[in-house]
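In: fold the following and give me the result.
(2 chains)
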2 protein chains.
Amino acid sequence: MPAEFTTPAIILNEPQLAENIGAVARAMANFGLRDLRLVRPRDGWPQDRAWAAASGANWPLDGALVFDRLEDAIADLHMVLATTARPRELRLPVMTPREAADELHAAAAAGQATGLLYGGERAGLETRDIALCQGVVTIPVDERFRSLNLGQAVVVTAYEWGMAVQDSPPEIFAKNMASPAGQEALLGLYGQLEGELHAAGFFHPPEKTPSMINNLRAIFTRAGLSEQEVRTLRGVVTALSKGRGKVLEKLAAKRARDPSS
Amino acid sequence: MPAEFTTPAIILNEPQLAENIGAVARAMANFGLRDLRLVRPRDGWPQDRAWAAASGANWPLDGALVFDRLEDAIADLHMVLATTARPRELRLPVMTPREAADELHAAAAAGQATGLLYGGERAGLETRDIALCQGVVTIPVDERFRSLNLGQAVVVTAYEWGMAVQDSPPEIFAKNMASPAGQEALLGLYGQLEGELHAAGFFHPPEKTPSMINNLRAIFTRAGLSEQEVRTLRGVVTALSKGRGKVLEKLAAKRARDPSS
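Out: Numbering: from 1, shown residues only, chains lettered A, B, ... in the order given. Next up, the predicted model:
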């Protein structure tokens, strides 16, 4: 991520369980977020159980700021989005996490300080808290089970932030599919395989040979073989046709020497 | 969601903490998933703490199936994606959760049974587990803190499934995607091929056998074989190993009768 971007602050309003605050820190670390702010944590702060639950993602906890009032916690921010079900009372823009990440990313790119606000485990956010925000993020959950865990709500929004920041679809796909075999190598494999299958009497009836060959080749072209995999498959064909043949040849020779066996 | 879609099964391989299994159930319920499968849960099953952690999302737990072997847990599925960091040893398609959700949605729309596989909290997935899958889902985490909580990995992928289902009707490659082989058929092919290769002395040195097998399997899972193609390839293996053997057997017999030939 370019250094000029600031990441969104994660603001937890009246969080209850230290374990959940730890889970939030872990989700933040997974997606490059650092700035954690706690408003009236129920059990006080710091809490050892938060660090235990963070599994090593300590820095958001070590640097967490604690506030008495939500207004103070967000005073330096330009754009704060409240993560909650759609509020009936307020006419605020309602966004999916994906749309919210785009909004936050655009704001951060324009030099704004941003934040995502989450309510406590039981009470959620009050209308007056939401009214301090520039918009609402609603995670599209199944109507039959709407209750999202606090850490899981943070991970979904943090994940979308991470996706929005990534410039382009990951190169990992391209990397993993790299160095495909050339046509020549493929044709060499096909020639060997089809030659052995001919010798083994595989292609019958003869008029179906071309379509059988095409169907076989399609399997291997579709697999996007690498040069190494072509060599492996040629070894497979050799082993199956010659290696196994050698075993049978030995048996046949043995039978010829000793017909009773 | 239209009734004709089946949702992906969530398969946890060797999960350790019942609390995490409960968190997984909750994430599943949030995004309309129901089919939970457990392979060798460390502390046995059922576990009260799972229900406690699910906060009322009981139905995935109530209906959870337990398996001794991963192969059995996925036997009825057509497309299984492994959620893990990019595997260095295997050449499988690597997807973001978003791309994976699109793939799964398209497959489900074409009538396929799908699944998402997750490793245990500490060990993650082994290469041999990943090699059973048609692709890999890698959640794009910050390099400075890659360790994702199990429940949070599930919530991110389940959320993307929910988004994919809401967003748009999938583009159906129905024609090309039709009647893919089930895992059971694939495992049958692998068993035959690997058995013949063992008999032919293909696997050497012995310590490399598992990785050689994984790489071979990855080629065929990647190809997305149909049932018909699995039958064809089984015929290929039979022809190469037995048919070629017969030719050599005949030649050997001929040589035995007529040593000058």
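
In: contacts and neighbour counts: CA atoms only from here.
Out: Fine.

In: just the pLDDT at whichever residue of the stretch 51-200 of chain A sits closest to chain B, thanks.
Out: Residue nearest to chain B within the stretch 51-200 of chain A: A:A200 (4.5 Å; Cα to the nearest Cα). With respect to pLDDT, A:A200 scores 86.

In: is it true that A:N215 lies in a helix?
Out: Yes - checked against DSSP: H, G, I helix; E, B strand; the rest coil, A:N215 lies within a helix.

In: correct me, but A:E194 touches A:M212?
Out: No - with contacts counted by Cα atoms under 8 Å, A:E194 stays clear of A:M212, the gap being 9.9 Å.

In: those two: who's more crowded?
Out: A:E194 (21 against 17; other Cα atoms under 10 Å in any protein chain shown).

In: how much space between the closest residue in space to the more buried one that isn't next to it in sequence and A:L197?
Out: Leaving out its chain neighbours, the residue that sits closest to A:E194 by Cα to Cα, 6 or more residues apart in numbering or on different chains is A:I213, at 7.4 Å. Using Cα to Cα, to the nearest Å, we find A:I213 at a distance of 10 Å from A:L197.

In: centroid-nearest residue for chain A?
Out: Residue closest to the average C-alpha location in chain A (Cα atoms, centre = their mean): A:Y159, at 8.5 Å.

In: where does that residue fall, secondary structure wise?
Out: Here A:Y159 sits within helix A:150-165, counting by DSSP states H and E.

In: buried residues in that helix, which are they?
Out: A:150-165 (16 or more other Cα atoms under 10 Å in any protein chain shown).

In: stretch A:31-46 now?
Out: Result for stretch A:31-46 [16+ other Cα under 10 Å]: buried residues A:31-41.

In: for stretch A:97-113, same thing?
Out: A:97-98, A:100-105, A:107-109, A:112-113.

In: and the residues you listed as JSON lines, adding secondary structure?
Out: Listed next are the buried residues of stretch A:97-113 as JSON lines, based on three-state DSSP:
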{"residue": "A:P97", "secondary structure": "helix"}
{"residue": "A:R98", "secondary structure": "helix"}
{"residue": "A:A100", "secondary structure": "helix"}
{"residue": "A:A101", "secondary structure": "helix"}
{"residue": "A:D102", "secondary structure": "helix"}
{"residue": "A:E103", "secondary structure": "helix"}
{"residue": "A:L104", "secondary structure": "helix"}
{"residue": "A:H105", "secondary structure": "helix"}
{"residue": "A:A107", "secondary structure": "helix"}
{"residue": "A:A108", "secondary structure": "helix"}
{"residue": "A:A109", "secondary structure": "helix"}
{"residue": "A:Q112", "secondary structure": "coil"}
{"residue": "A:A113", "secondary structure": "coil"}
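
In: of all those, which comes closest to B:E229?
Out: A:R98 (40.0 Å; Cα to Cα).

In: tell me, how many residues neighbour A:D72?
Out: Going by other Cα under 10 Å, the residues that sit close to A:D72 add up to 12.

In: now the helix or strand encompassing it: mean pLDDT?
Out: Using DSSP H and E, A:D72 sits within helix A:70-73. Averaged across helix A:70-73, pLDDT comes to 92.

In: with just CA atoms, put it into CSV.
Out: Provided in CSV are the C-alpha atoms of helix A:70-73 (Å, rounded to 0.1, in the frame of the first residue of the first chain):
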residue,chain,number,x,y,z
LEU,A,70,-17.7,8.8,20.9
GLU,A,71,-17.6,12.4,19.7
ASP,A,72,-14.0,12.7,21.0
ALA,A,73,-13.0,9.4,19.5
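
In: what's next to it, contact-wise?
Out: A:11, A:13, A:37-39, A:66-67, A:129, A:132 (Cα atoms under 8 Å, 6 or more residues apart in numbering or on different chains).

In: repeat that for 10 Å
Out: A:9, A:11-14, A:37-40, A:65-67, A:115, A:117, A:129, A:132 (Cα atoms under 10 Å, 6 or more residues apart in numbering or on different chains).

In: which of the residues in that helix are buried?
Out: Under 16+ other Cα under 10 Å, the buried positions of helix A:70-73 are A:70, A:73.

In: and what of stretch A:208-216?
Out: Buried residues in stretch A:208-216 (16+ other Cα under 10 Å): A:212, A:216.

In: stretch A:230-241 too?
Out: Quick answer for stretch A:230-241 (16+ other Cα under 10 Å): A:230-234, A:236-241.

In: of these, list those near chain B.
Out: A:232-233, A:236-241 (Cα under 10 Å from any Cα of the partner chain).

In: which non-adjacent residue is nearest A:D35?
Out: A:A9 (4.7 Å).

In: phi, psi of that neighbour?
Out: phi -70, psi 150 (degrees, to the nearest 10).

In: got the contact list for it?
Out: A:28, A:33-37, A:73-74, A:77, A:80, A:113-117.

In: same check, this time on A:E229
Out: By Cα under 10 Å, 6+ apart, the contact set of A:E229 is A:180-181, A:235, B:91, B:215-216, B:219.

In: just the ones of those in helices?
Out: A:235, B:215-216, B:219 (DSSP state H).

In: partners of the residue nearest to A:D35 in the sheet?
Out: Counting by DSSP bridges, A:A9 is bridged to A:G115.

In: distance of it from A:R98?
Out: 17 Å.

In: now do A:G201
Out: Using Cα to Cα, we find A:G201 at a distance of 57 Å from A:R98.

In: and if you look at A:L189?
Out: The value you get for A:L189 to A:R98, if Cα to Cα is used, is 46 Å.

In: name the helix or strand of chain A that has the lowest mean pLDDT.
Out: helix A:172-176 (a mean of 36; mean pLDDT, DSSP states H and E).

In: next SSE downstream of that helix?
Out: Downstream of helix A:172-176, the next assigned helix or strand under DSSP H and E is helix A:183-199.

In: from the contact counts, what lies against that following helix?
Out: Packing partners of helix A:183-199 (3 or more Cα pairs under 10 Å, 6 or more residues apart in numbering or on different chains; DSSP states H and E): helix A:209-222, helix A:227-238, helix B:227-238, helix B:244-257.

In: ok, residues contacting the first one?
Out: For helix A:209-222, the surrounding residues in contact (Cα under 10 Å, 6+ apart) are A:181, A:183, A:186-187, A:189-190, A:193-194, A:197-198, A:202-204, A:206, A:223, A:230, A:233, B:219-220, B:222-226, B:229, B:232-233, B:236.

In: what about it, distance to the chain center?
Out: Centroid separation for helix A:209-222 versus its chain: 34 Å, with Cα atoms, centre = their mean, to the nearest Å.

In: C-alpha coordinates for it, CSV please?
Out: Taking Å, rounded to 0.1, in the frame of the first residue of the first chain, the C-alpha atoms of helix A:209-222 are listed here in CSV:
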residue,chain,number,x,y,z
THR,A,209,-10.0,-42.6,-33.6
PRO,A,210,-9.8,-38.9,-34.5
SER,A,211,-12.6,-37.9,-32.0
MET,A,212,-11.1,-40.1,-29.3
ILE,A,213,-7.7,-38.4,-29.8
ASN,A,214,-9.3,-34.9,-29.8
ASN,A,215,-11.1,-35.7,-26.5
LEU,A,216,-7.9,-36.9,-24.9
ARG,A,217,-5.9,-33.9,-26.1
ALA,A,218,-8.6,-31.6,-24.8
ILE,A,219,-8.1,-32.9,-21.3
PHE,A,220,-4.5,-32.1,-21.3
THR,A,221,-4.7,-28.7,-23.0
ARG,A,222,-7.4,-27.7,-20.5
